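> the sequence and its predicted three-dimensional model are supplied below.
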Amino acid sequence: RQEQFRALRDVEPVTLDGKRISLMMNAGLMVDLPQLSESGADGIGLFRTELQFMIASTMPKLEEQEAFYRNVIKQANGLPVTFRALDIGGDKVVSYFRSHEEENPALGWRAIRLSLDRPGLLRTQLRALLRASAGAELKMMLPMVTDVSEIHAVRDLLQKEVQHLSKFGHNLPRRLQFGAMLEVPSLMWQLDELMAEVDFVSVGSNDLFQFTMAADRGNARVSDRFDMLGKPFLRMLREIVRAAERNQTQLTLCGEMAGKPLSAMALIGLGFQSVSMSATAIGPVKAMLLSLDAEKLAQALNAALDEKRSQEPIRALLIRFAAEN
Ligand code: PEP
Ligand code: MG
């Protein structure tokens, strides 16, 4: 099967009914980069920048960060890379950084919250990203956004960095694409404000599911207890797709569910045209979508999601659809 997937590397990911789906890969370290061309991914949809921090024994300096990003961009060889601003805290532990014990680290002082309280840390990263992308496009996004005001605050810092760099004669990125991850449920009631504010939205389904179901993603007793392909979560994702269409905002999803062929099928049925996953999942997901009638699935899936009393679980419907079509 591995051989079969490799043969698909240069095949365009287009559904039977002609929808071009963008298949991106997730990465975080230099060792991931060769997989970009091996997998035939369209680019890196999620680059987890905190990994450089997690494997270091001291805080990476501006020059180290810049050199690292520069190298990533070079190795990506013209394919787009979406850098995610530091997502420290929760399940992502940086030994030399955190000092206080927290009762609920997943709900605690982490990601963009921490970055906004330590603006020096964030500004250093923004500066490194801007410098590494000089003359090119910089695509970056913020993790764990809970309130749209947090985006404004980061934009202000970014603007300061841009001014600082141009004042000192540095070359700036040719274009900046600024996005937010949607992984905290509070954003569901700020979708239009959010989408007016950013160039793209990327759903972090691992955290969005964890927070929606109040089920710790790292706790085996509860993490599989509720179905990602059940009604509540799929209805939630459908709302996000509708908002993105309404606002003409680029939308992607970069959680683990994108890498499972059955869930990826559901996502395409909901209207996602871009997904990002681990590199090894690109082949299997592409094989699935090449034989998928997305429109037919969309109709069946939407009808099932609209039902008040379910005929069958959505997962069963998806399995049946995959077998019959
Ligand atoms: C997610 O939460 O779905 C996500 C992609 O980010 P991470 O897994 O790094 O938290
Ligand atoms: Mg996350």
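Okay, I see it. Ligands and ions are numbered 1, 2, ... in the order given.

> can you pull the contacts of the residue nearest in space to the middle of the chain?
What sits nearest the mean C-alpha location of the chain, by Cα atoms, centre = their mean, is residue 254, with 3.3 Å. Residues near residue 254 by Cβ atoms under 8 Å, 6 or more residues apart in numbering: 24, 26, 45, 46, 181, 202, 203, 204, 205, 275, 276, 277. Every C-beta, even on glycine, is put in place using the N, C-alpha and C of the backbone.

> so where does the fourth one fall, helix or strand?
So that's residue 46. Per DSSP states H and E, residue 46 falls inside strand 44-48.

> flag every buried residue along the helix or strand just after that strand.
Per DSSP H and E, strand 44-48 leads on to helix 50-55 as the next helix or strand towards the C-terminus. Residues 50, 51, 52, 53 are the ones in helix 50-55 that count as buried (16 or more other Cβ atoms under 10 Å).

> output helix 50-55 as CSV, nothing but the C-alphas.
Provided in CSV are the C-alpha atoms of helix 50-55 (Å, rounded to 0.1, in the frame of the first residue of the first chain):
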residue,chain,number,x,y,z
GLU,A,50,7.2,25.9,19.8
LEU,A,51,9.0,22.6,18.9
GLN,A,52,12.3,24.5,18.4
PHE,A,53,11.7,25.9,21.9
MET,A,54,10.7,22.5,23.4
ILE,A,55,13.9,20.7,22.2
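
> residues in contact with the following helix or strand past it?
Proceeding N to C from helix 50-55, the next assigned helix or strand is helix 62-76, under DSSP H and E. Residues outside helix 62-76 that contact it (Cβ under 8 Å, 6+ apart): 27, 30, 33-34, 36, 43-44, 47, 49, 52, 60, 81, 83, 124-125, 127-129, 131-133, 136.

> let's see that with 6 Å instead.
33, 52, 124, 128, 129, 131, 132 (Cβ atoms under 6 Å, 6 or more residues apart in numbering).

> what's the end-to-end length of stretch 274-289?
One end of stretch 274-289 to the other measures 12 Å (Cα to Cα, to the nearest Å).

> show me where the stretch 101-250 of the chain has helices.
111-117, 119-132, 148-167, 191-197, 205-213, 220-223, 231-247 (DSSP state H, counting those that start in this stretch).

> for residue 154, the count of nearby residues, please.
22 (other Cβ atoms under 10 Å).

> for it, give its distance to residue 279.
Distance from residue 154 to residue 279, counting by Cβ to Cβ, to the nearest Å: 29 Å.

> cool, and residue 61?
Residue 61 is 29 Å from residue 279, where distance means Cβ to Cβ.

> again, but for residue 147
For residue 147, the distance to residue 279 equals 33 Å [Cβ to Cβ].

> looking at these two, which one has more neighbours?
More crowded of residue 147 and residue 279, by other Cβ under 10 Å: residue 279, with 21 against 15.

> and this structure, which residues reach ligand 1?
Applying Cβ under 6 Å from any ligand atom, we find that the chain lies next to ligand 1 at 46, 48, 87, 183, 204, 205, 206, 207, 254, 255.

> quick one: contacts for the second one?
Think residue 48. Counted by Cβ under 6 Å, 6+ apart, residue 48 has contacts 28, 84.

> per-residue pLDDT, it?
Looking at residue 48, its pLDDT is 98.

> repeat that for the fifth one.
In this model, residue 204 is scored at 98, pLDDT.

> quick one, what contacts it?
Residue 204 neighbours (Cβ under 6 Å, 6+ apart): 181, 183, 255.

> scan this structure for its longest strand.
Criterion DSSP state E: the longest strand present in the chain is strand 175-182.

> so what's the closest residue to ligand 2 within the stretch 51-200 of the chain closest to, chain neighbours aside?
Per Cβ to the ion, residue 183 is where the stretch 51-200 of the chain lies closest to ligand 2, at 4.8 Å. Leaving aside its sequence neighbours, residue 183 sits nearest to residue 204 (Cβ to Cβ, 6 or more residues apart in numbering; 3.3 Å).

> show me which of the buried residues of helix 50-55 is closest to ligand 1.
Closest approach to ligand 1 among the buried residues of helix 50-55 (Cβ to the nearest ligand atom): residue 50, at 8.1 Å.
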